[in-house]
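>>> I'd like to go over a predicted model; first the sequence, then the structure.
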Amino acid sequence: MAPQQFTLEEVAGHNSEKDIWLIIGNEKTGGPKVYDVTKYLEEHPGGSEVLLDHAGKYADEMFEDIGHSGDAKEKLKTLMVGELTPEDVEKLASEKVSRASELPSKGGLNPFAVVVLLVAIVLGLYLSKQYKN
Ligand code: HEM
């Protein structure tokens, strides 16, 4: 049976302690795959916190950076629930979305922060003019 396919958005919905999925894998390891780590949270030797931090996201870089053992990779296999749709595999590869930072939002500037910053600058200019006169 072909593995089930999920979108990034569907994976992102599994982001709580009671239901946590991660995406791990890259071109070198056979592509990103989707893992259900809900039952593994308590068992994880690295603690549940790091897994929760990446709930619903692409955690490949973190997983690789730790230098997980062969045992860890074997365990990982048992937790797989499926793969990403080809479009979203493409998306991860091209945008390097998140690399464990921002899913599903695309990163970049927060528009609210930009507005606040602009207002602050204009106000600053206005006030400095006032003081000169
Ligand atoms: C389902 C995915 C994962 C599995 C099956 C897994 C498995 C393991 C295992 C078996 C160990 C013990 C050491 C070893 O055998 O390498 C371990 C340690 C650790 N893992 Fe994971 N891990 C997973 C995901 C992650 C992720 C996503 C992170 C980070 C965001 C992470 C961070 C750590 C840390 C910090 C340690 C402790 C290393 C140490 O104390 O030396 N793990 N993991």
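Perfect, thanks for sending it. Everything quoted here is computed from the prediction, not taken from an experiment.

>>> residue 40: neighbouring residues, count only.
Using other CB atoms under 10 Å, the number of residues around residue 40 comes to 17. C-beta coordinates here come from the backbone N, C-alpha and C atoms, glycine included.

>>> which residue packs closest to the residue in the chain that the ligand sits nearest to, ignoring adjacent ones?
Residue nearest to the ligand within the chain: residue 46 (2.4 Å; CB to the nearest ligand atom). Excluding the flanking residues, the one nearest residue 46 by CB to CB, 6 or more residues apart in numbering is residue 66, at 6.8 Å.

>>> so the residue of the chain closest to the ligand belongs to a strand, correct?
No: applying DSSP: H, G, I helix; E, B strand; the rest coil, one finds residue 46 to be coil, outside a strand.

>>> check the gap between it and residue 65 for me.
11 Å (CB to CB, to the nearest Å).

>>> contact residues of this structure facing the ligand?
Within the chain, the positions adjacent to the ligand are 22, 35, 37, 40, 44-46, 50-51, 54, 59, 62-63, 66, 68-69, 71-72, 75-76, 79 by CB under 6 Å from any ligand atom.

>>> so where's the protein shaky on pLDDT?
96-108, 133 (pLDDT under 70).

>>> where along it do the strands fall?
5-6, 15-16, 19-24, 33-36, 80-84 (DSSP state E).

>>> tell me the strands beside the second one, with direction?
Strand pairing for strand 15-16, determined by DSSP bridges: strand 19-24 (antiparallel).
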